[in-house]
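*Asks:* just the structure for this:
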Amino acid sequence: MEHADLIVIGGGQSGLATAALAPRYGFTRVLVLESAKEPGGAWPRYYDSLTLFSPARYSALPGMRFPGNPDRYPRRDDVVAYLRTYAGRLSASIRPSTTVTSVTRKGGVWRVRSKDGREFTAAAVVAATGDFGAPFLPEIPGRTEFGGRVLHAADYRSPHVFAGQRVIVVGGGNSAIQIAAELGPLASTTLATRRPVAWTPQRPLGRDLHWWLKHTRFDIAPIRRLLAKIPVSVIDDGTCRSALDRHGVDRRAMFNAFTTDGVLWADGTHEPVETAVFATGYRPAFGYLTGSGALDGTGAPLHHGGLSTMVEGLGFVGMEFQRSFSSKTLRGVGRDAAWLLHRLSAVRR
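*Replies:* Alright, predicted model coming up:
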């Protein structure tokens with residue numbers, strides 16, 4: 001059994017930022033438990049062409065700038081390389097290929113068990129696994145009878161395998177738009193959404209949106225409940241929008257049902273379809289905390305700003321709108337981690 005001052009579950013951007021800041025708050029022995037073969041979280045598994053909509057200067061974790069032109073928009077592989085380098089500089093001990101199955105607390109000590117039978121103990125635990133491990137597919141009538149392919153954006157990699165097909169992309173966020181835009185030249189593609197796509201210019205008045213978010217302090221405004229009600233908006237410099245138009249990618253109201261060979265549109269029209277790609281987000285993935293008292297009936301954490309309101313010595317980092325608009329981003333996880341570590345250190349003392 002291995003003991004630490006702090007155990008961080010998850011070696012993605014949130015977990016690495018937490019591990020980097022932990023020594024400042026008195027956690028000298030830090031363990032990071034990562035289920036994958038190397039740190040990096042979900043980034044290595046995102047689709048090939050994924051491009052950040054925040055410039056490199058606004059995409060860094062605490063203590064290490066993002067390399068290259070600060071005004072460029074990094075791609076997936078840029079982020080993977082950045083996180084790999086970042087992890088290599090940490091004083092924390094990282095345990096790859098360590099899938100956590102249970103986390104329990106007894107006598108003021110947390111006991112963490114992994115799938116392969118190893119056990120770890122600590123005074124405090126931070127759950128930084130995010131939600132990528134639980135892709136959300138909405139229940140749509142006829143899905144099980146549909147003879148085509150249904151996949152989530154988490155399993156999408158590149159457009160080439162769909163060349164010549166009739167494809168529907170479901171969703172109105174940045175990922176859905178990027179995927180539909182790159183499918184357009186190769187496949188007959190339609191974007192299906194519940195409401196019209198909302199567009200936000202990437203460079204209003206000649207400045208990147210994130211410059212405005214920083215200088216208005218909206219990026220860090222502690223208005224989580226209000227922010228959670230803001231409709232999903234696609235940040236675009238015009239590239240994706242023009243690509244959709246150029247390649248004939250139309251937008252339609254969400255279809256009502258699958259059939260054996262296609263979909264039934266809201267107007268009653270049946271159309272044969274070969275593939276449906278759902279870019280419909282994710283749900284909390286904290287199954288290892290089941291039975292700890294830290295989760296509600298839906299499996300979501302009960303917390304205030306990331307600090308568990310139910311169990312002492314437990315926190316969360318990397319959840320959407322956890323404390324602010326930027327909580328689930330490379331630029332925002334460090335702020336949330338610092339806030340949480342300060343409070344966990346006080347409890348520990």
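
*Asks:* how many other residues sit next to residue 124?
*Replies:* Other residues lying near residue 124 total 26 when counted by other CB atoms under 10 Å. (C-beta placed from N, C-alpha, C; glycine too.)

*Asks:* not counting its neighbours along the chain, what's nearest residue 298?
*Replies:* Among residues not flanking residue 298 along the chain, residue 284 sits closest, at 7.8 Å (CB to CB, 6 or more residues apart in numbering).

*Asks:* for that neighbour, grab the count of nearby residues.
*Replies:* Residue 284 has 21 nearby residues by other CB under 10 Å.

*Asks:* burial count for residue 131?
*Replies:* 19.

*Asks:* confirm it sits in a helix?
*Replies:* No - counting by DSSP: H, G, I helix; E, B strand; the rest coil, residue 131 is located in no helix; its state is coil.

*Asks:* quick one: residues contacting it.
*Replies:* 282-285, 319-320 (CB atoms under 8 Å, 6 or more residues apart in numbering).

*Asks:* go on, residue 239?
*Replies:* residue 181.

*Asks:* please report how far it lies from residue 201.
*Replies:* The gap separating residue 239 from residue 201 is 12 Å, by CB to CB, to the nearest Å.

*Asks:* taking the centroid of this protein, which residue is nearest it?
*Replies:* In the chain, the centroid-proximal residue (CA atoms, centre = their mean) is residue 132; its distance is 5.6 Å.

*Asks:* ok, of the contacts of residue 131, which come out buried?
*Replies:* 282, 284-285, 319-320 (16 or more other CB atoms under 10 Å).

*Asks:* and which of those residues is nearest residue 113?
*Replies:* residue 285 (17.0 Å; CB to CB).

*Asks:* surely that closest one touches residue 135?
*Replies:* No - if you go by CB atoms under 8 Å, residue 285 and residue 135 don't touch, sitting 9.6 Å apart.

*Asks:* if we can go back for a sec, least confident pick among the contacts of residue 131?
*Replies:* Lowest pLDDT of the contacts of residue 131: residue 284, 80.

*Asks:* mind listing the helices for the stretch 151-300 of the chain?
*Replies:* With DSSP state H, counting those that start in this stretch as the definition, the stretch 151-300 of the chain shows helices at residue ranges 174-183, 209-215, 224-227, 239-246.

*Asks:* thanks a lot, catch you later.
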